[in-house]
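In: Okay, here's the prediction I keep looking at, along with the sequence it came from:
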Amino acid sequence: MRWVDFEEEHGRVLVTDMKNPGEKIGNDVWCDLPAEAIRIINSMPKTSDRIFPYEARTISSSFTRAAALLDIDDLRFHDLRHEGVSRLFEMGWNIPHVATVSGHRSWTSLKRYSHIKQRGDKYEGWKWLDIVAPAVT
């Protein structure tokens, strides 16, 4: 994601070449951003044209090392996306609203997340958000 594709005033970002089973190149999707995501984006340094100026291999290897250090087995980076989508359903969001955030084109693929028994925002008041992305006052 690039800074020029971030529209804070509209709460969205253009994800270019979003991974999709059928295509990637030219698969550009506008995704809505929850308030917490906007806070995290705004906490990033603007030293690059990219919002997150990290190489995919670096993120992947750092994630793998952290999971091993914490003795967490069977956790993949992609599982975080699943957790995020599930969280939106737990908060009572409907399939069309979740799709605007996740970038899913098919509501069918989102149905597997929508049968959540827990309700509410389990991360409301989460102390780490204020640590990594302090609120601007």
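Out: Done, it's in.
In: now the helices for this structure?
Out: In order along the chain, the chain carries the following helices (DSSP state H): 35-42, 56-69, 78-90, 95-102, 107-110, 127-132.
In: Just name the most buried of these.
Out: Highest mean neighbour count among those (mean count of other Cβ atoms under 10 Å): helix 95-102, with a mean of 17. No exception for glycine: its C-beta is placed from N, CA and C like everyone else's.
In: ok, and what's touching the helix or strand of the chain with the lowest mean pLDDT?
Out: Sorting the helices and strands of the chain by mean pLDDT, DSSP states H and E puts helix 127-132 at the bottom, at a mean of 72. Residues outside helix 127-132 that contact it (Cβ atoms under 8 Å, 6 or more residues apart in numbering) are 36, 39, 40, 43, 123.
In: How about the first one, nearest residue that isn't a chain neighbour?
Out: Nearest residue to residue 36, sequence neighbours excluded (Cβ to Cβ, 6 or more residues apart in numbering): residue 129, at 5.9 Å.
In: go on, residue 43?
Out: Sequence neighbours aside, residue 133 is the residue nearest to residue 43 in space, at 3.9 Å (criterion: Cβ to Cβ, 6+ apart).
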